[in-house]
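Need a 3D model of the following:
(chains A, B, C and D)
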Number of protein chains: 2
Amino acid sequence: MAKPPKENSPITEHLAYLLAQANREINRQLETRLSKEGVPVEQWRILKVLSDGEGHSMGELADAVLLNHPTLTKMIDRMVSDALVYRVQDPKDRRKVLMFVSDRGKALSRRLNSLAVSQEEHIVESYGDKSTTELKRLLESLIGTAN
Amino acid sequence: MAKPPKENSPITEHLAYLLAQANREINRQLETRLSKEGVPVEQWRILKVLSDGEGHSMGELADAVLLNHPTLTKMIDRMVSDALVYRVQDPKDRRKVLMFVSDRGKALSRRLNSLAVSQEEHIVESYGDKSTTELKRLLESLIGTAN
DNA sequence: CTTCAATTGTTGAATATTCAATATTTTCAC
DNA sequence: GTGAAAATATTGAATATTCAACAATTGAAG
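As a prediction, the model looks like this:
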């Protein structure tokens, strides 16, 4: 039976370490797939979130895509240069900026999504449907607990 | 029943995203604890791995602590300045450098480990023993599958 | 209404990470 | 044994991220 890490358990038994390791590995796989389109994982996230067609403020977006505000600002600057997204000042609250995805961004988002889905299918294939579903359930629950 | 992400599933259903989110959250909690000693999470990992008293090469260590080689080199430089670890040229293979933890490093490692264990206990408390154990098992299995 | 605090987003400087190139040593084919 | 290729660690330049300060706007107390 696996026990919680006591005095001198190896680092590989710590939840924080296992999460970092698994995240690193899966992220690297995804990165490799997305590199076909020359796009970092974070931009896939941004495009995917914006693909609901709604305008999202920078703060909202930063939370959703797991980036700090200044990092997001600079990444969005690049994506604006690439004409993937654009800024609109929120008329209801002029402190805010609403982000929208362009047609070009939508097209890219579809291609990226197909790559991401294919990665996930590949994982399900080798790791198993049951394990994948259960792992997702546990992760969601952990995230819910932590907040 | 949770399904694999199809055409337009939200990003929150992707395994890669859930892992990133969970990792971010747990890592942030751990970071907060360790900040009591003014030490980043990576240094905890390094000290913990080296605490077996054996000498570890930089390559070995980089794999173990999930850092790229150049990043590790520079972090080790800082830790050497802080007298937490020291370098010894491997006599069997002079390309290699063996890293060892100093007494000061060992003492810090014990304090850090106690903080890390307390974090994990806190997670088990709110998240549950069964869920934690099961999540760890699934993560280990995923990591094994991915390699 | 006015003022002060809070919210939102961006900027620039400081810091950290990554990529490519390098130096050194070992391994292996011949 | 020699020379070419591989392995190991580090360096410096390019890039990215973070922190603290800022500007603009809104909210709220008086």
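
mind listing what the residue nearest the centre of chain A touches?
Nearest residue to the geometric centre of chain A (Cα atoms, centre = their mean): A:Arg45, 4.5 Å. If a contact means Cβ atoms under 8 Å, 6 or more residues apart in numbering or on different chains, then A:Arg45 has A:64-66, B:11, B:17 as its contacts. Every C-beta, even on glycine, is put in place using the N, C-alpha and C of the backbone.

Kindly indicate the member of those residues with the most neighbours.
B:Tyr17 (26 neighbours; other Cβ atoms under 10 Å in any protein chain shown).

tell me the mean pLDDT for stretch A:90-103?
Mean pLDDT, computed over stretch A:90-103, is 96.

cool, and stretch A:12-19?
pLDDT averaged over stretch A:12-19 gives 96.

May I see the buried residues of that stretch?
For stretch A:12-19, burial by neighbour count (16 or more other Cβ atoms under 10 Å in any protein chain shown) applies to A:13-19.

Among these, which lie within helices?
Of the buried residues of stretch A:12-19, the ones assigned to helices by DSSP state H are A:15-19.

Assess the claim that A:Ser118 and A:Arg33 are in contact.
Yes: counting by Cβ atoms under 8 Å, A:Arg33 is a contact partner of A:Ser118 at 7.1 Å.

Between those two, which has more neighbouring residues?
Per other Cβ under 10 Å, whichever of A:Ser118 and A:Arg33 has more neighbours is A:Arg33, with 17 against 11.

what sits against the more buried one?
A:115-116, A:118-119.

that older thread, looking at the contacts of A:Arg45, spot the one nearest DNA strand C.
The nearest member of the contacts of A:Arg45 to DNA strand C, counting by Cβ to the nearest atom of the strand, is A:Ala64 at 11.5 Å.

mind checking the SS state of the nearest residue to A:Ser51 once chain neighbours are set aside?
Closest residue to A:Ser51 apart from its sequence neighbours, by Cβ to Cβ, 6 or more residues apart in numbering or on different chains: A:Ser109 at 5.0 Å. Assigned with DSSP: H, G, I helix; E, B strand; the rest coil, A:Ser109 falls in the helix class.

A:Glu134: what's it in contact with?
With the criterion set at Cβ under 8 Å, 6+ apart, A:Glu134 makes contact with B:134, B:138.

a helix runs through it, doesn't it?
Yes: per three-state DSSP, A:Glu134 lies within a helix segment.

just the helices in chain A please.
Under the criterion DSSP H, helices of chain A are mapped to A:15-34, A:41-50, A:58-65, A:69-81, A:103-127, A:129-146.

Run through the bridge partners of the closest residue to A:Leu61 other than its chain neighbours.
Sequence neighbours aside, A:Met99 is the residue nearest to A:Leu61 in space, at 5.9 Å (criterion: Cβ to Cβ, 6+ apart). With DSSP bridges as the criterion, A:Met99 is bridged to A:His56, A:Arg87.

Look up how far A:Leu18 lies from A:Met99.
34 Å (Cβ to Cβ, to the nearest Å).

got it, and A:Leu84?
Using Cβ to Cβ, A:Leu84 is found at 34 Å from A:Leu18.

who's in contact with the closest residue to A:Gln21 other than its chain neighbours?
Distances taken as Cβ to Cβ, 6+ apart place B:Ile143 nearest to A:Gln21, at 5.5 Å, with adjacent residues excluded. When contacts are counted by Cβ under 8 Å, 6+ apart, B:Ile143 touches A:18, A:21-22, A:25.

same deal with A:Ala116?
A:30, A:33-34, A:44, B:5, B:14, B:16.

May I see the contacts of B:Ile143 organised as JSON lines, with distance to A:Val49 added?
Shown next, in JSON lines, are those (distance: Cβ to Cβ, whole Å):
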{"residue": "A:Leu18", "distance to A:Val49": "27"}
{"residue": "A:Gln21", "distance to A:Val49": "26"}
{"residue": "A:Ala22", "distance to A:Val49": "23"}
{"residue": "A:Glu25", "distance to A:Val49": "24"}
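
Can you pick out the most distant pair from the residues you listed?
Greatest spatial distance among these (Cβ to Cβ): A:Leu18 and A:Glu25, at 10.8 Å.

Tell me how many other residues crowd A:Ser57.
Neighbours around A:Ser57, by other Cβ under 10 Å: 15.

just checking, it touches A:Arg95?
No: look at A:Ser57 against A:Arg95 with Cβ under 8 Å: they stay out of range, at 9.1 Å.
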